[in-house]
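J.: Here you go, sequence then predicted model.
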Amino acid sequence: MNQQKPSGYRDTPLWNVYDQLAQAIDHQFGWDKLPKLIGLLVLIGLRNILRQRNLSDTSALPSEGAVQPGPATPDMLTGRTADGSYNDIHHPSMGMAGSRFGRNIPLAAADQESPDDLLSPNPRTVSRELLTRTTFQPATTLNLLAAAWIQFMVKDWLSHGLGDPQHTYELPLVPGDPWPQPPLTVLKTLPDPTRPAGSGGPRTFINHETPWWDVSQIYGGGIDPLDRLPRRSGTDGKLIIGADGRLAFPPDPAISPDHTPGWWLGLEMMFTLFVLEHNAVCDALRQAYPDWTDDDICRRARLIISALVAKIHTVEWTPAIIAHPTTVAALRANWWGVAGEQIRRRFGRISHSEVISGIPGSSAEQYGVPYSLTEEFSIVYRMHPLIPDDFTFWSVDSGAELARHTFREIAGPGAHETTGKLALADLFYSFGISYPGALVLNNYPRFLQEFQRPDNDRLMDLAATDILRTRELGVPRYNEFRQLLHLKPAASFADLAGDPAVAAKLSDIYGGDINRVDTIVGMFAEKKPAGFGFSDTAFRIFILMASRRLNSDRYFTEDFNADVYTQLGMDWVQGTTMTDVLLRHYPQLRRSVRGVSNAFAPWPGAGRS
């Protein structure tokens, strides 16, 4: 079931022994049960194995009419291109918007299920019985900013498009199902237009975004028309922002972001914050480089903001959601190296090794497979249970309750209406003291199981869609998925769920066959490592792909230096935290974040609602 090792990555007798020992220790004890140093050494071995065996190249499959880069220009040496091309000068089409998703499993295991299996068990049944939230289960180690942040990231990294309106799946409705708009249909994922008819092999799909960490959700760059909005002000490299500090949307709903599926208040807050941060960087660059053009400033500001976002995600958001001491140390080492932040910031790199001095500034590495994000990556980041159904908003100054809204009221155009009624400082404060939902069974937002798309009148059950998408995209069921990630499969429903009542329900829905459990269901059901907000299964994809997004990117490796970023830019990236960003634009929050070491952890007063 494993693939050949590409490119000979660490394929030596010594490394092979090390890796196999690390895997044996993990299987016997679990990396999370070990002392921190030993756990870190085990994780290195596990990542080696994943890098060797769990990167599959879909770009080498038959193709016609694949996206092609335009001509090279001098600007791409000091700035990201809009379509993601020329990140690798020698492979300019790698990572372009419109290229294929890769795989973290062998291609032979990545085919779509048969038509009968695709709807078995009925995704609507799985949604109603295993995912529906009856009582809100909070994740009390996080705040609601963490939920807003991850959707802000996903909107940058990947999209399968808005669906194929000409082809749908119809999910059976059992008697008594309250679905208000029969039949319940789910749009099929848009097919890969570059696959020749009759070419055979696993199905492939196109990423409509640039898979680089380039903040394309703000700057544009995807292949869909909605990602080609004019966002530039035309002055000093800045982006358009309203005089009231709110986003300025086009009057035409057809091209306005708040009329696209997925837009909600948390996303609007993050967009606003980082448009403001971009403009602050532009002000600093204008003062330092008065002769630069509008394009010069915008290009460098985008580099700086992209690196800052990647750093915040690596050393703040992720350690907050997987707050195990071993993973916190590993994630900080990804950015700073084991030598640590103080050594890196004072002396720069003291070693070529990414382990010693961190990935940023090291040599780019593709591990023998052209860079892409993967279908498996897209599935493990389906974290909808983080979203509550009900929101309470408070005044940062007085602590008084200001308003209560359902998710439906702050989604789509309702998000912008809310920022017009409540101050953004109050909104950020309210998110800082509110908990997101836990990533567990029966904690899916009820409004997302009857979600009204803002771009049409179609109702969606997003929980059922998540289940169906996993099968449609060729991600194996839970037990096979674990085996392909070199983990032990669940031996029984009791082994997976722990709770006898949950095990009985799982067994009933999956016909007593543990190997039919859906990957998302299994990841929500399994016992998590201490401090983890998501499963150890999802973590295996994460430890492979989180570092790969840095390793593969020229602007985070060879070109992460003052010549490309400017010294001002390097200092801005390395010296700025999420708290700094918040306080730069909303200084009213200073008292509220006092003593908070991580902006995504609950602020004082959390849990009031």
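T.: Yes, it's here.

J.: where does this structure dip in pLDDT?
T.: When residues are selected by pLDDT under 70, those of the chain lie in 1-7, 225-230, 609.

J.: what's the longest strand in it?
T.: Counting by DSSP state E, the longest strand found in the chain is strand 164-171.

J.: For the next helix or strand after it, which helices and strands make contact with it?
T.: Next helix or strand after strand 164-171 toward the C-terminus (DSSP states H and E): strand 184-188. With contacts defined as 3 or more CB pairs under 8 Å, 6 or more residues apart in numbering; DSSP states H and E, the packing partners of strand 184-188 are strand 164-171, helix 462-472. In this view, the C-beta of every residue, glycine as well, is placed from N, C-alpha and C.

J.: Can I get the longest one in CSV, CA atoms only?
T.: Output in CSV follows, covering the C-alpha atoms of helix 462-472 (Å, rounded to 0.1, in the frame of the first residue of the first chain):
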residue,chain,number,x,y,z
LEU,A,462,-23.1,21.2,4.7
ALA,A,463,-22.6,18.3,7.1
ALA,A,464,-24.0,15.9,4.5
THR,A,465,-21.9,17.7,1.9
ASP,A,466,-18.7,17.2,3.9
ILE,A,467,-19.3,13.5,4.1
LEU,A,468,-20.2,13.2,0.4
ARG,A,469,-17.2,15.3,-0.6
THR,A,470,-14.8,13.1,1.2
ARG,A,471,-16.0,10.1,-0.7
GLU,A,472,-16.4,11.9,-4.0
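
J.: Contacts for that helix, please.
T.: Here helix 462-472 makes contact (CB atoms under 8 Å, 6 or more residues apart in numbering) with 112-113, 117-119, 123-124, 126-127, 131-132, 160, 169, 171, 184, 186, 188-189, 379, 382, 384, 444, 448-449, 451, 518-521.

J.: what about burial for the residues you listed, which qualify?
T.: 113, 119, 123-124, 126-127, 131-132, 160, 169, 171, 184, 186, 188-189, 379, 382, 384, 444, 448-449, 451, 518-521 (16 or more other CB atoms under 10 Å).

J.: Where helices are concerned, which of those count?
T.: If you go by DSSP state H, the buried ones among the contacts of helix 462-472 have 123, 124, 126, 379, 519, 520, 521 in helices.

J.: between those residues, which is closest to residue 608?
T.: When those are ranked by distance to residue 608 (CB to CB), residue 520 comes first, at 31.2 Å.

J.: Shouldn't residue 543 be within a helix?
T.: Yes. Assessed with DSSP: H, G, I helix; E, B strand; the rest coil, residue 543 lies in a helix.

J.: List the neighbours of stretch 391-408 that are in contact with it.
T.: The contact list for stretch 391-408 (CB under 8 Å, 6+ apart) reads 264-265, 387-390, 410, 414, 418, 421-423, 425-430, 433-434, 445, 447-448, 452, 588-589, 592, 605, 608-609.

J.: picking that back up, deepest-packed of the helices and strands packed on strand 184-188, please.
T.: Neighbour counts (mean count of other CB atoms under 10 Å) averaged over each of those peak at helix 462-472, with a mean of 23.

J.: for the stretch 301-450 of the chain, what spans make up the strands?
T.: Ranges of strands within the stretch 301-450 of the chain are 390-394, 401-406, based on DSSP state E, counting those that start in this stretch.

J.: Return the list of strands paired to the longest one, each annotated with direction.
T.: The partner list of strand 401-406 in its sheet, established with DSSP bridges, is strand 390-394 (antiparallel).

J.: Return the residues in contact with residue 482.
T.: 488, 489, 490, 522, 537.

J.: Sitting in helices, which of these do you find?
T.: 522, 537.

J.: one step back: got the ones in helices among the buried ones among the contacts of helix 462-472 as TSV, with distance to residue 598 columns?
T.: Output for these, formatted as TSV (distance: CB to CB, whole Å):
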residue	distance to residue 598
123	36
124	38
126	34
379	27
519	29
520	27
521	30
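
J.: Which of these sits closest to residue 202?
T.: residue 379 (15.3 Å).

J.: my read: the closest one touches residue 473, true?
T.: Yes. Using CB atoms under 8 Å, residue 379 is in contact with residue 473, at 7.0 Å.

J.: And for residue 111, the neighbour number?
T.: Neighbour count for residue 111, taken as other CB atoms under 10 Å: 12.

J.: what comes up buried for the strand or helix carrying residue 271?
T.: Applying DSSP H and E as the criterion places residue 271 in helix 265-288. Residues of helix 265-288 classed as buried: 265-282, 284-286 (neighbour count, 16+ other CB under 10 Å).

J.: For it, which helices and strands make contact with it?
T.: With contacts taken as 3+ CB pairs under 8 Å, 6+ apart, helix 265-288 sits against helix 144-157, helix 216-219, helix 294-312, helix 413-421, helix 424-432, helix 567-575, helix 578-585.

J.: Rebuild those helices as JSON lines, extending it with mean neighbour count.
T.: Converted to JSON lines, the helices and strands packed on helix 265-288 look like this (neighbours: other CB atoms under 10 Å):
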{"stretch": "helix 144-157", "mean neighbour count": "24"}
{"stretch": "helix 216-219", "mean neighbour count": "23"}
{"stretch": "helix 294-312", "mean neighbour count": "23"}
{"stretch": "helix 413-421", "mean neighbour count": "17"}
{"stretch": "helix 424-432", "mean neighbour count": "23"}
{"stretch": "helix 567-575", "mean neighbour count": "18"}
{"stretch": "helix 578-585", "mean neighbour count": "18"}
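
J.: of all those helices, which lies closest to residue 96?
T.: Closest among those, once you apply CB to CB, is helix 216-219, at 11.4 Å.

J.: pull the CA atoms of the closest one into CSV?
T.: Only the C-alpha atoms of helix 216-219 are listed here, as CSV (Å, rounded to 0.1, in the frame of the first residue of the first chain):
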residue,chain,number,x,y,z
SER,A,216,-4.7,35.4,-2.3
GLN,A,217,-8.0,35.7,-0.6
ILE,A,218,-7.2,39.4,-0.2
TYR,A,219,-5.0,40.1,-3.2
